[in-house]
Structure formats: structure tokens, C-alpha cells
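In: Sequence first, predicted coordinates after that:
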Amino acid sequence: MENNIFHLQYAMDTFYFLVCGALVMWMAAGFAMLEAGLVRSKNTTEILTKNVALFAISCIMYLVCGYYIMYDGSVFLSGIADVDVDAVLGDFAAREDGFTGGSIYSGASDFFFQVVFVATAMSIVSGAVAERMKLWAFLAFAVVMTGVIYPLEGSWTWGGASVFGMYTLGDLGFSDFAGSGIVHMAGAAAALAGVLLLGARKGKYGANGQVNAFPGANLPLATLGTFILWMGWFGFNGGSVLKLGDIGNANAVAMVFLNTNTAAAGGAVAALVTARMLFGKADLTMLLNGALAGLVAITAEPSTPTALQATLFGAIGGVLVVFSILALDKLKIDDPVGAISVHGTCGLLGLLLVPITNGDVSFSGQIIGALTIFIWVFVASLVVWGILKAVLGIRVSEEEEFEGVDLAECGMEAYPEFTNGK
């Protein structure tokens, strides 16, 4: 009887993990639609190409070496599909906590769930460097980011390894439930390094601090992308509970879903109101980024806040992202989709909010963890971007940028019937 219960729990936890992983994979479509909607029409095909290609590269690189670096588990060489049922049953029977203990699921499902997180981090970079970066330079960076840079910082956080043999973040009181820092701030740090070396789009910044707006080509598509990301985030945060097959964890999953949703709502409304106060208009792009800001802010700890606290945390993110986008423009850091503000600024916010509701976490531990993640990813990315700039070049020519990177990099347009009278 006990073995039958275990088999059922194992199947439920594995299935839940896989479904949540599929939801996170669907976020790749959300990023693609959001970015395609926020760039100009002449750059749409290239941004879509980047999003599909980076997902494929992420899956391959994490399989070949990333998972091994992050968790000391070789998928490529030994495989993780083989399960010694007797050994697993024996380990389970030896537990003192019975059926309410740690996570029980297939190793293959764990890899699948982790690999879609890697792709999410890399997707953040795509939007920030849009409209002026060479496609193949970006994809070359994706190989290093998903194969080495992200897995190494992941090994220090979720993997529990010491940081270059010096200290363990967990022992310092660091916690990041689903990746406000580990995934989102890391992606933003890599993006920031690339943007600084790449420079702004031609004509974006004028004299006397003037910022010229480059409206996105398809706001309905950007809105669809935001809703897809909002939906996928239930898998992102909910799956990070890692387990469903008992009463306590089922309740935890429900609370995580509730807090994830209400944080997004709080962020959206707060950003909309903030934009109305600042600009006198209801800015759709700020509304969309506000929802995403709320999601990023709650990702570090969606299980311990009350629903009201989660709403307030999301609202803080929604206000912060508006001011962050404006601040980056004043600094002439050109981010076409607001990715650095949404995922970087609000990712840091999410880490700093954790100790408010989780007494086992310290502010000092969160700060040290945030600095560790940011410095490593930013510096490593800056080096890789610098090498690519020297060897391949990372920016298209001024003429290619003017004509659009779709034709220069992909040889086709996303909306051919609406351009040049065709």
C-alpha cells in the first residue's frame, strides 16, 4: 500500500513539474511577441529569429554542460531518464518525515524545468539589444551565457556551491525562491553590459537631453505577449515549489499562484496611475511593463506574503519600473523594450523585499547575493561582449540600421505588403 502511494505521489510531482516547465517554455512565445510588438516593423523578423534561436541554443548548451556546472549532474554523458525504482523506494522508506518530505520527481523533469529558466534569462537580453545588434554576435553570446555564465551563478545560489571557494550564499541568509535575482537580474546584467558596448540607436537621443520616441510597430502583439508571460509565470513561480503531492505543498502552490497573479495586477495598476500622473496619458507600454515588474518583484518570494502584501509589492515594482525607464533614458542607456528596468531594477527590488515576510532571510545576505550575481554576470558578459566586438563586431552598419536589420540579417521583412509600396 505504501509503495502504491509513493508511486502516485512520484507521478503527480513529476507531472506537475513537467506541466509547469511547459508553462515556462510558453513564456518564450511571450517574450517573442512582446519584443516583436515593441520594436519597429523593420526589425521584427530579426527579433523573432533571435527568440527562437536563443531558446534552441539554451536547450543544447544546458544539456551539454550547463546542467553539470550548475548541479554537478551530467545529462549529456550519462542521461537522467534511467530510474532505479528500488533505490528510490528505499530512500523514501528511510525518511523520518514520511510522505510530506522533500521533492520527489523524475530527474528528467528537473532538467526540463531548469532548462526553460535558462532560456528565460537569455530572452531578457534579446529585447534590450534590439534594432542594432548583429544576429550572429548575439547568438555567439547566447552560447556562453547559457552554457557557462548563468549556470555558474546558478551553482552558487540554487546549486549550493561556494562562490569561487570563498563563501556560501545560503549560509549568509540569501534566498531567491524562483529567480528574481538568479534569472531576471542576471539576464538584465548581461543585457546592460551589451547595451553599454553597443551604444544607443541612431537618433534616439538628441541635443540638450532630448529623448526621441521610437514607437513599437504592433502594440496588440505586445499586449498578447504580456498576457502570455503573465500566464507562463504561474509555472515559473508555481513550479518552484517543486512538489504538489501532499496537502501542505498543494496549499503552498495555491498561495504562490494567488500571489503571483495579484502582484502582476498591483504592478499594472500602479504603473498606469504613475504614467497618468507623469505624462497626463494612459501609457499602454508602461502598463504592460508594470504588470511584468510586479511579476518580477514577487518572484523572489511568492509563498510567504499575504495576498495584500503581494499586491503592494507588485505595486512598488510598477511605480519603480516607470522611474527606472525614465532614468535610463536620461543616462542615454537605450533599451527598446524596458527589459533592464523590468528585470534588473525590479529583480533587485524583489530580492530586497524577501526579508519582510521571510524571517529566515537577512537583508545583508540578500544584498551580498545580489552583488555576487550582478558583478559576476555583468563583468563576465562585458568580457564576452568585448571579445565579440573585437573579433566579429556586434553592431550593424549605420546603413543597415536605417534600412532595418530584417533585410540585413534575415533577408526578409515581417510586413512586406506595408513597406515600400509592395
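Out: That came in fine, so what should we check first? Residues are numbered from 1 along each chain as shown.
In: For the helix or strand harbouring V383, which helices and strands make contact with it?
Out: Under the criterion of DSSP states H and E, V383 resides in helix 363-391. If contacts are counted by 3 or more CB pairs under 8 Å, 6 or more residues apart in numbering; DSSP states H and E, helix 363-391 sits against helix 135-144, helix 150-157, helix 186-198, helix 346-357. No exception for glycine: its C-beta is placed from N, CA and C like everyone else's.
In: Using CSV, please lay out the ones you listed together with mean pLDDT and distance to V377.
Out: As requested, these are exported to CSV (pLDDT from 0 to 100; distance: least, CB to CB, whole Å):
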stretch, mean pLDDT, distance to V377
helix 135-144, 98, 11
helix 150-157, 96, 6
helix 186-198, 98, 4
helix 346-357, 98, 11
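In: who wins for proximity to F418 among those helices?
Out: Set against F418 and scored by CB to CB, those come closest in helix 135-144, at 22.6 Å.
In: Pull out the buried positions in the closest one.
Out: Residues of helix 135-144 classed as buried: L135, A137, F138, A140, F141, A142, V143, V144 (neighbour count, 16 or more other CB atoms under 10 Å).
In: elements contacting it?
Out: helix 44-61, helix 107-128, helix 363-391.
In: From the chain's centroid, how far away is the last one?
Out: The reference is to helix 363-391. The chain centre lies 16 Å from the centre of helix 363-391; the measure is CA atoms, centre = their mean, to the nearest Å.
In: For the helix or strand just after it, list every residue counted as buried.
Out: Next along the chain after helix 363-391, taking DSSP H and E as the criterion, comes helix 398-403. By neighbour count on 16+ other CB under 10 Å, the buried set for helix 398-403 is E400, E401.
In: For burial, what's the neighbour tally of the nearest residue to F174 once chain neighbours are set aside?
Out: Distances taken as CB to CB, 6 or more residues apart in numbering place G369 nearest to F174, at 3.6 Å, with adjacent residues excluded. The local packing of G369 (other CB atoms under 10 Å) involves 28 other residues.
In: and the gap between G369 and G216?
Out: For G369, the distance to G216 equals 34 Å [CB to CB, to the nearest Å].
In: What of I124?
Out: Distance, I124 to G216, by CB to CB: 17 Å.
In: More neighbours: which of the two?
Out: A count of neighbours by other CB under 10 Å puts I124 above the other of I124 and G216, at 26 against 21.
In: pLDDT wise, what is that one at?
Out: pLDDT recorded at I124 is 98.
In: In this structure it contacts G187, no?
Out: Yes - with contact defined as CB atoms under 8 Å, I124 reaches G187; the gap is 3.0 Å.
In: what do these two both touch?
Out: Common neighbours of I124 and G187, using CB atoms under 8 Å, 6 or more residues apart in numbering, are A339, H343.
In: show me what contacts V115?
Out: Shown in contact with V115 (CB under 8 Å, 6+ apart): S58, C59, Y62, L63, G66, Y67.
In: scratch that, M33 is what I was asking about
Out: L221, A222, L224, G225, I228.
In: low-scoring pLDDT stretches of this protein, where are they?
Out: Along the chain, the parts satisfying pLDDT under 70 run over 1-3, 73-106, 419-422.
In: returning to that earlier point: how about the contacts of V115 in JSON lines, adding neighbour count and distance to N43?
Out: Shown next, in JSON lines, are those (neighbours: other CB atoms under 10 Å; distance: CB to CB, whole Å):
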{"residue": "S58", "neighbour count": "27", "distance to N43": "22"}
{"residue": "C59", "neighbour count": "19", "distance to N43": "25"}
{"residue": "Y62", "neighbour count": "27", "distance to N43": "28"}
{"residue": "L63", "neighbour count": "16", "distance to N43": "30"}
{"residue": "G66", "neighbour count": "29", "distance to N43": "29"}
{"residue": "Y67", "neighbour count": "23", "distance to N43": "33"}
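In: Pick the one among the residues you listed closest to E409.
Out: Nearest to E409 among the contacts of V115 is S58, at 19.9 Å by CB to CB.
In: wait, the closest one sits on V143?
Out: No - contact criterion CB under 8 Å: S58 and V143 do not qualify, at 9.4 Å.
In: For F374, which non-adjacent residue is spatially closest?
Out: Take F374 and drop its neighbours on the chain: the residue closest to it by CB to CB, 6+ apart is A189, 5.0 Å away.
In: From L288, how far out is the one you found?
Out: Applying CB to CB, the value for A189 to L288 is 22 Å.
In: and D335, what does it touch?
Out: Counting by CB under 8 Å, 6+ apart, D335 touches G127, A128, A191, V195, I325, L328, S341.
In: Can you tell me which of those residues has the most neighbours?
Out: Within these, neighbour counts (other CB under 10 Å) peak at A128, which reaches 30 neighbours.
In: I'd assumed V195 was in contact with that residue.
Out: Yes - if you go by CB under 8 Å, A128 and V195 touch, sitting 5.5 Å apart.
In: Residues in contact with both of these two, list them for me.
Out: D335, I340.
In: who touches stretch 217-229?
Out: Contacts for stretch 217-229 (CB under 8 Å, 6+ apart): 26-27, 29-41, 44, 216, 284-285, 288, 291-292, 295, 415.
In: Shouldn't G245 be within a helix?
Out: No - under DSSP: H, G, I helix; E, B strand; the rest coil, G245 falls outside any helix and is assigned coil.
In: do you know how far it is from I5?
Out: Note on G245: its distance to I5, by CB to CB, is 9 Å.
In: quick one: the helix or strand hosting I316 to chain centroid distance?
Out: Counting by DSSP H and E, the element that carries I316 is helix 307-330. Mean-position distance between helix 307-330 and its chain equals 17 Å (CA atoms, centre = their mean).
In: Quick one: list the elements packing against whatever helix or strand comes next after it.
Out: Using DSSP H and E, the helix or strand that follows helix 307-330 in sequence is helix 339. Helix 339 sits against helix 107-128, helix 186-198, with contacts defined as 3+ CB pairs under 8 Å, 6+ apart.
In: before we move on, the earlier item: CA atoms of the helix holding I316 as CSV?
Out: Below are the C-alpha coordinates for helix 307-330, written out as CSV (Å, rounded to 0.1, in the frame of the first residue of the first chain):
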residue,chain,number,x,y,z
ALA,A,307,-2.2,38.4,-0.9
LEU,A,308,-2.4,42.1,0.2
GLN,A,309,1.3,42.2,0.8
ALA,A,310,1.9,40.7,-2.7
THR,A,311,-0.3,43.3,-4.3
LEU,A,312,1.6,46.1,-2.5
PHE,A,313,5.0,44.5,-3.5
GLY,A,314,3.8,44.4,-7.1
ALA,A,315,2.6,48.0,-6.9
ILE,A,316,6.0,49.1,-5.7
GLY,A,317,7.5,47.4,-8.7
GLY,A,318,5.0,49.0,-11.0
VAL,A,319,6.0,52.5,-9.8
LEU,A,320,9.7,51.8,-9.8
VAL,A,321,9.8,50.5,-13.3
VAL,A,322,8.4,53.7,-14.7
PHE,A,323,11.0,55.8,-13.0
SER,A,324,13.7,53.3,-13.9
ILE,A,325,12.9,53.5,-17.6
LEU,A,326,12.9,57.3,-17.5
ALA,A,327,16.2,57.3,-15.6
LEU,A,328,18.0,55.0,-18.1
ASP,A,329,16.8,57.3,-20.9
LYS,A,330,18.4,60.3,-19.1
